[in-house]
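>>> here's my sequence, what's the structure:
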Amino acid sequence: MSRIGRQPVVIPAGVTVDIKEGNVVTVKGPKGTLERTLPAEMTIQMEDGHVVVTRPNDLKKMKALHGLTRTLIHNMVIGVSEGYQKVLEVNGVGYRAAKQGKKLVLNLGYSHPVEMEDPEGLESSVDGNKIIIKGISKEKVGQYAADIRDKRRPEPYKGKGIKYADEVIRRKVGKTGKK
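Reported below is the predicted structural model:
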């Protein structure tokens with residue numbers, strides 16, 4: 001049985017979970033509201049302050065969906081109660097990030113500055129060489145962070161580029177001259 005799927009999702013104070021027909025789960029909390037349609041095969045029920053997900057049979061696909069469904073609900077509950085954030089670092093000579101209204105302006109050594117509009121429901125801020133992305137949807141926060149990182153990925157020789165704050169870049173030794 002799915003070890004993750006078996007665990008009930010604890011609902012903190014101030015968060016309400018509403019399960020509608022067709023497994024449409026709406027989670028409301030102090031930070032906002034999230035709604036998601038989950039796999040129809042799973043049975044989602046509220047039981048004394050917990051959300052319990054059960055699966056119909058032990059087929060491999062059902063086992064996978066069991067854990068996934070439970071994790072998606074858990075991520076929604078954490079998102080509306082605490083929120084998610086990702087921190088990116090801009091490294092390199094002349095590489096800069098700045099905020100102009102709802103736009104993130106990146107100078108990454110290209111002939112032009114790269115401008116990125118903050119998606120709906122997300123908020124980005126710049127603190128020195130750090131870019132902080134905050135939001136209630138784990139998926140959207142992670143995707144926007146990945147999109148920013150894709151504008152200039154870190155390279156292995158000098159470590160220049162945009163990297164996650166907790167990412168470790170494996171460094172390579174440059175070429176050596178002939179004797």
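
>>> for this structure, which helix is longest?
helix 60-81 (DSSP state H).

>>> can you pull the contacts of residue 65?
Residues near residue 65 by C-beta atoms under 8 Å, 6 or more residues apart in numbering: 39, 41, 42, 55. Backbone N, C-alpha and C define where each C-beta goes, glycine included.

>>> got it, and residue 8?
47, 50, 51, 52.

>>> and the residue nearest the centre of the chain, what are its phi and psi?
Residue closest to the mean C-alpha point of the chain, counted by C-alpha atoms, centre = their mean, is residue 142 at 2.9 Å. The phi/psi pair for residue 142 (degrees, to the nearest 10) reads phi -60, psi -40.

>>> OK, contacts around it?
84, 86.

>>> check residue 117 too.
Neighbour list for residue 117: 102, 103, 104 [criterion: C-beta under 8 Å, 6+ apart].

>>> any idea how far the helix or strand of the chain with the lowest mean pLDDT is from the chain center?
None of the helices or strands of the chain scores lower by mean pLDDT, DSSP states H and E than helix 3-6, at a mean of 87. Remark: helix 3-6 is offset 21 Å from the chain centroid, using C-alpha atoms, centre = their mean, to the nearest Å.

>>> cool, and stretch 28-47?
18 Å.

>>> can you give me the end-to-end distance of that stretch?
Counting by C-alpha to C-alpha, to the nearest Å, you get 17 Å between the two ends of stretch 28-47.

>>> so where's this protein uncertain?
Counting by pLDDT under 70, the ranges of the chain that qualify are 1-2, 179.

>>> that one: strands as residue ranges?
Applying DSSP state E to the chain gives strands spanning 9-10, 16-20, 24-29, 32-37, 43-47, 50-54, 84-91, 96-100, 103-107, 114-117, 122-127, 130-135, 161-164.

>>> can you convert these into a markdown table and add a column each for distance to residue 147?
Listed next are the strands of the chain as a markdown table, based on distance: least, C-beta to C-beta, whole Å:
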| stretch | distance to residue 147 |
| --- | --- |
| strand 9-10 | 29 |
| strand 16-20 | 30 |
| strand 24-29 | 25 |
| strand 32-37 | 20 |
| strand 43-47 | 31 |
| strand 50-54 | 31 |
| strand 84-91 | 11 |
| strand 96-100 | 14 |
| strand 103-107 | 10 |
| strand 114-117 | 7 |
| strand 122-127 | 11 |
| strand 130-135 | 10 |
| strand 161-164 | 10 |
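
>>> those: which one's closest to residue 62?
Nearest to residue 62, of all the strands of the chain, is strand 50-54, at 10.2 Å by C-beta to C-beta.
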